[in-house]
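Trainee: Everything below, folded, please.
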Amino acid sequence: MNAVPLRRALLCGALATGAWHIGPAATWLPAVRGALWPALDGQGARGHVALTFDDGPDPRSTPYFLRALDRLSVRATFFVLGSALERHSPLGRDIVAQGHELAVHGWQHEHPWYPRPVRDVHDLRRTVEAVRRLTGERPLWYRPPYGILTGGRWAAARQAGLRPVLWSAWGHDWTAWASPDTVLSELTRTLRGGTTVLLHDSDRTGARGSWRAPLGALPDLITACRARGLTVGPLHEHGLPRARRPAAPAGGMPLLWR
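Mentor: Take a look at the predicted model:
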């Protein structure tokens with residue numbers, strides 16, 4: 001093969017790899033996933049709101065959320081980082097002992113700039129195993145860091161038997177200017193029956209102390225939901241379809257969950 005066709009072949013291969021890697025990231029756009037993949041958007045039972053927290057467990061902040069949720073008689077889903085769960089396993093046990101659900105947020109909170117399908121599989125398996133060791137059960141759900149699903153993350157989730165779930169309402173609670181009022185205002189702007197709410201029980205990927213804003217918003221959020229006749233609980237009560245167990249296909253774009 002001479003130089004020109006070889007360069008063309010390499011370019012086509014690189015473009016195909018790039019499309020496979022970054023193409024599914026379009027699901028980050030709420031309008032896209034809300035219209036085309038409602039389960040990925042977290043649209044569940046119409047009388048229910050799924051309450052979820054990312055980035056824990058964090059011994060500096062998660063216990064405050066557990067106490068607040070206990071006072072409110074609400075259970076939630078915690079999307080945990082495997083590395084944090086391994087370091088703080090007693091706190092993970094506390095989360096489960098209080099009736100909450102653990103789900104997978106990845107091993108660490110990393111940007112998905114480059115394709116790394118082998119490492120994606122390895123990291124998700126490690127986190128699934130960490131949750132299984134602690135709870136005795138395999139987790140059901142996966143939310144990727146930054147909400148960005150790449151080709152590798154899609155395939156890894158399928159191989160691990162996890163269903164990706166993003167969110168349909170969030171509080172922008174990781175920012176330095178977040179307050180309980182801004183979080184509540186942002187959430188109630190899009191809150192309705194069937195919504196999956198995203199909040200954070202740690203500031204490890206946000207502004208220092210930002211976890212205090214969602215913590216302060218929780219009582220009014222739950223009150224607002226109940227005033228509308230909505231129940232609040234974890235994802236496993238939200239009516240979403242569970243993952244299929246077969247592994248992802250070997251080639252091409254990953255199939256999006258029905």
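Trainee: all helices of the stretch 101-250 of the chain, in order?
Mentor: Counting by DSSP state H, counting those that start in this stretch, the segments of the stretch 101-250 of the chain that form helices are 117-135, 151-159, 180-190, 212-227.
Trainee: Could you pull up the residues touching the residue nearest to Leu66 when sequence neighbours are not counted?
Mentor: Leaving out its chain neighbours, the residue that sits closest to Leu66 by CB to CB, 6 or more residues apart in numbering is Gln98, at 5.7 Å. C-beta: built from backbone N, CA, C; applies to glycine. Under the criterion of CB atoms under 8 Å, 6 or more residues apart in numbering, the contact partners of Gln98 comprise 66, 69-70, 75.
Trainee: So what does the residue most central in space within the chain have for phi and psi?
Mentor: Among the residues of the chain, the smallest C-alpha distance to the mean C-alpha position (CA atoms, centre = their mean) belongs to Arg143, namely 2.4 Å. Backbone torsions for Arg143, taken as degrees, to the nearest 10, come to phi -130, psi 120.
Trainee: who's in contact with it?
Mentor: For Arg143, the contacting residues are 52, 54, 79, 103-105, 164-167, by CB under 8 Å, 6+ apart.
Trainee: Try it again at 10 Å.
Mentor: Residues in contact with Arg143 (CB atoms under 10 Å, 6 or more residues apart in numbering) are 42, 52, 54, 77, 79, 103-106, 149, 157, 162, 164-167, 196, 198, 235.
Trainee: do Leu91 as well
Mentor: Contact partners of Leu91, counting by CB under 10 Å, 6+ apart, are 56-59, 62-63, 66, 80, 84-85.
Trainee: Please report how far it lies from Pro164.
Mentor: As judged by CB to CB, to the nearest Å, Leu91 and Pro164 stand 25 Å apart.
Trainee: Next, count neighbours for the closest residue to Ala45 other than its chain neighbours.
Mentor: Counting by CB to CB, 6+ apart, the nearest residue to Ala45 once its immediate chain neighbours are dropped is Gly239, at 3.7 Å. Neighbour count of Gly239, defined by other CB atoms under 10 Å: 15.
Trainee: Verify the contact between Gly239 and Pro38 for me.
Mentor: No: the pair Gly239 and Pro38 does not pass the contact test of CB atoms under 10 Å, sitting 11.2 Å apart.
Trainee: which residues are common contacts for these two?
Mentor: Both Gly239 and Pro38 are contacted by 44, 194, under the criterion CB under 10 Å, 6+ apart.
Trainee: Give me the buried stretch members for stretch 179-188, please.
Mentor: The neighbour-count criterion (16 or more other CB atoms under 10 Å) identifies 180, 182-184, 186-188 as the buried residues of stretch 179-188.
Trainee: next one: stretch 117-125
Mentor: Of the residues in stretch 117-125, those buried (16+ other CB under 10 Å) are 117, 120-121, 123-124.
Trainee: what's that stretch in contact with?
Mentor: By CB under 10 Å, 6+ apart, the surrounding residues in contact with stretch 117-125 are 17, 20-21, 82-83, 104, 106-108, 110, 112, 116, 139, 142, 144, 150-162, 247-248.
Trainee: returning to what we had before: now, the contacts of Gln98 that are in helices?
Mentor: In helices, defined here by DSSP state H, the members of those are 66, 69-70.
Trainee: next one: the host helix or strand of Asp94 to chain centre, how far?
Mentor: Assignment of secondary structure by DSSP states H and E places Asp94 within helix 89-97. Its chain's average C-alpha position is 19 Å from that of helix 89-97, according to CA atoms, centre = their mean, to the nearest Å.
Trainee: Show me which residues of that helix are buried.
Mentor: The neighbour-count check on helix 89-97 (16+ other CB under 10 Å) flags 91-92, 95-96 as buried.
Trainee: Now pLDDT too, for those, in JSON lines please.
Mentor: As requested, the buried residues of helix 89-97 are exported to JSON lines (pLDDT from 0 to 100):
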{"residue": "Leu91", "pLDDT": "98"}
{"residue": "Gly92", "pLDDT": "97"}
{"residue": "Ile95", "pLDDT": "98"}
{"residue": "Val96", "pLDDT": "98"}
